[in-house]
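Participant: Here's a sequence, model it:
(one chain, ligands or ions: 1)
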Amino acid sequence: MAFPFPDDALFLGFDSSTQSLKVTVLDSRLVIVTSEIIRFDIDLPHYKTKDGVYRDPSGNGRIVSPTLMWIEALDLLLDKLKAKNFDFSRVLAISGSGQQHGSVYWKKGSSAILSSLNPQHTLLSQLSDAFSTKESPIWMDSSTTKQCREIEKAVGGPMVLSKLTGSRAYERFTGPQIRKMFESRINVYKETERISLVSSFMGSLMIGGYAAIDETDAAGMNLMDYKERIWSKIALQATAPDLEEKLGKLAPAHAVAGQISPYFVERFKFKRSCQVIQWSGDNPNSLAGLSLDSPGDLAISLGTSDTIFGITNQPEPSLEGNIFPNPIDPACYMVMLCYKNGSLTREDIRNQFAGASWDVFNEYLDNTSPLNDGKLGFYYNEREILPPVPAGYHRFLVDVDSGDERPVEHFDAPGEVRAVVEGQLLSMRAHAERFGLPVPPRRVVATGGASANDSILRIVAAVFGCDVYTVQRPDSASLGAALRAAHGWLCNKEDTFVPIAKLCAEGSTLAPKLAMPAGGECKFSAYTQLIKKRMEIEVQLVNKSSLESSKGRERM
Ligand code: XUL
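Facilitator: Have a look, this model is predicted:
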């Protein structure tokens, strides 16, 4: 295959995620040449984050991350590449992923600081006073239920908001977070001249000015008309006053956000012409990194959050799940479900029941049978998004033949381990089906840290009843960003939108490879019965928790 790039070209793709900042470098044949990572808890211990975040100890669901930590991580990551004698002058374009929904509040006057950064000093030392709050609300936050209901009510109900913006109001979405900032910290809101998403924030650092918000990531705000790809006046009004000017412009994912800032040119010797392509959300970039292009494909990302997504050209807005414009194909959409209890919950069960060892965890998965003898577990370390229930563990023993179930206190250790993995996947299959995603899919493409684990992939293949593919590396978000950097550069050069499929055709090193065939443990129909039961229990858990929270409100 002939690649349309100069032979010595390099493309950088970043991923500013919950727990780390990564970079993946692709060459002119789109082969990975190197990568680097900064782990927030380990490499930047002075911020004292746990899993990259601060959880409010009062249990009110407030979860934030220090904005400056993300900046310092960028300083360090680039220094790490420099220490490897990385030749920055070969980089034609850069793009990146940001954890979706997280927001950054730039203080009045900060655009002047951004555009005149001194290359002799770090970004951190120059930007430490550039924000009206130093704590960025992130996607794990669940403290904005009140604002969600207010916004939905103001626009005419949750379904109206979903039809308008692609999603009903979710606590983690940026619109409700901004409304909370406006309601509870009016001075911060007033002092703010620009609100960025994590993606456009990192893009802004790179271009030395405020980057536009990418249209795909903007759909995770409850503020954009997802069909027209413009800010929705109705949603803006329902959220906070004077918001449009604080948000700035929108831009498509393949657009050039700007040339790299002189700061990086002088400090790292990037070429002046190096382009920064719009940064986008981590899930949209994963879609690009997985080369997802058929409506029958389902992607499952097993990371800090677990997400399941696919593409469609006929999106059906609903009260569950999210619709985003597709970042690599303006003609269609990306549909997604997101779970808050992903890898951190799997790790917690590993620590409690498998002696903190992945080997033991995997041995338990391999030596227990599909359906787990009816042991159904619901493990929520954090308040979950799907279903919306508070933190807590719930265990049931289901008689698979009669369908009867009874709550139990514990399972045996191997049963706990299978119950967490199987339970998460059963929930994904059930909700995916309800949301109109293809089940069984043509194939599942898995990504995220846990996609490197064959014992987990075997259960994915069994529950979804199809072959499971993976890409060369489990971090598809930074890979997808690097690919989008190359794609954006090409679109700009050709002065027209070029289909990205041209770049990642079958046979390229980036094409997904078969990792686990559907055969073996295939129990698709048996799981169908168990899923019915699981969904009934889920409804009971949701009803119980709403009853308890309304009793709590009465007592207040
Ligand atoms: C998606 C979501 C998470 C974050 C994780 O809606 O909230 O997947 O993007 O970084």
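Participant: residues contacting Tyr364?
Facilitator: With contacts defined as Cβ atoms under 8 Å, 6 or more residues apart in numbering, Tyr364 is in contact with 353-354, 413-414, 417-418. Glycine gets a C-beta too; all of them are placed from N, C-alpha and C.
Participant: Are any of those buried, and if so which?
Facilitator: 353-354, 414, 417-418 (16 or more other Cβ atoms under 10 Å).
Participant: Mind putting these into JSON lines with secondary structure, pLDDT and distance to Ser318?
Facilitator: Shown next, in JSON lines, are these (DSSP: H, G, I helix; E, B strand; the rest coil; pLDDT from 0 to 100; distance: Cβ to Cβ, whole Å):
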{"residue": "Phe353", "secondary structure": "helix", "pLDDT": "98", "distance to Ser318": "36"}
{"residue": "Ala354", "secondary structure": "coil", "pLDDT": "98", "distance to Ser318": "37"}
{"residue": "Pro414", "secondary structure": "helix", "pLDDT": "98", "distance to Ser318": "37"}
{"residue": "Val417", "secondary structure": "helix", "pLDDT": "98", "distance to Ser318": "33"}
{"residue": "Arg418", "secondary structure": "helix", "pLDDT": "98", "distance to Ser318": "31"}
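Participant: hmm, back to that, considering the contacts of Tyr364, which is situated nearest to Asp467?
Facilitator: Sorting the contacts of Tyr364 by distance to Asp467 puts Arg418 at the head of the list, at 21.5 Å, by Cβ to Cβ.
Participant: how much space between that closest one and the ligand?
Facilitator: Arg418 sits 25 Å away from the ligand, going by Cβ to the nearest ligand atom, to the nearest Å.
Participant: Please determine how far that residue is located from Lys107.
Facilitator: Using Cβ to Cβ, to the nearest Å, Arg418 is found at 50 Å from Lys107.
Participant: now the strands for the stretch 201-350 of the chain?
Facilitator: 213-214, 224-225, 230-231, 250-251, 256-259, 275-277, 280-281, 297-302, 306-312, 322-325, 333-339 (DSSP state E, counting those that start in this stretch).
Participant: Those strands: which one's closest to Asp242?
Facilitator: strand 230-231 (12.5 Å).
Participant: Mind listing the strands the closest one pairs with, and their directions?
Facilitator: When pairs are called by DSSP bridges, strand 230-231 turns out to pair with strand 224-225 (antiparallel).
Participant: The ligand contacts on the chain?
Facilitator: On the criterion Cβ under 6 Å from any ligand atom, the ligand has as its neighbours in the chain the residues 17-18, 99-101, 139, 172, 220, 281-283, 305, 307, 338.
Participant: Restricted to helices, list those residues.
Facilitator: 282-283 (DSSP state H).
Participant: so where's the stretch 201-350 of the chain uncertain?
Facilitator: When residues are selected by pLDDT under 70, none of them lie in the stretch 201-350 of the chain.
Participant: ok, now which ones touch the nearest residue in space to Ser111 that is not next to it in sequence?
Facilitator: Taking Cβ to Cβ, 6 or more residues apart in numbering, and ignoring the residues beside it in sequence, Ser111 has Tyr210 as its nearest neighbour in space, at 5.9 Å. Applying Cβ under 8 Å, 6+ apart to Tyr210 gives the contacts 106, 111, 114, 194, 196, 200, 204, 248.
Participant: quick one: the helices in the stretch 151-300 of the chain?
Facilitator: In the stretch 151-300 of the chain, the helices defined using DSSP state H, counting those that start in this stretch lie at 158-165, 174-184, 186-191, 198-207, 215-218, 233-239, 243-247, 262-268, 282-289.
Participant: ok, now how distant is the residue nearest to Ser111 from Ala251?
Facilitator: 12 Å.
Participant: for Ile207, same thing?
Facilitator: Counting by Cβ to Cβ, the separation of Ile207 from Ala251 is 12 Å.
Participant: and what of Glu245?
Facilitator: Distance from Glu245 to Ala251, counting by Cβ to Cβ: 17 Å.
Participant: do Val417 as well
Facilitator: Val417 is 45 Å from Ala251, where distance means Cβ to Cβ.
Participant: How about Gly98?
Facilitator: 14 Å.
Participant: between those two, which one's more packed in?
Facilitator: Neighbour count, other Cβ atoms under 10 Å: between Gly98 and Ala251, Gly98 has more, with 29 against 20.
Participant: for the more buried one, what are its contacts?
Facilitator: If you count contacts by Cβ under 8 Å, 6+ apart, Gly98 has them with 16, 197-202, 217, 279-282.
Participant: Among the strands of the stretch 201-350 of the chain, which comes closest to Ala93?
Facilitator: Proximity to Ala93, assessed across those by Cβ to Cβ, is greatest for strand 275-277 (4.4 Å).
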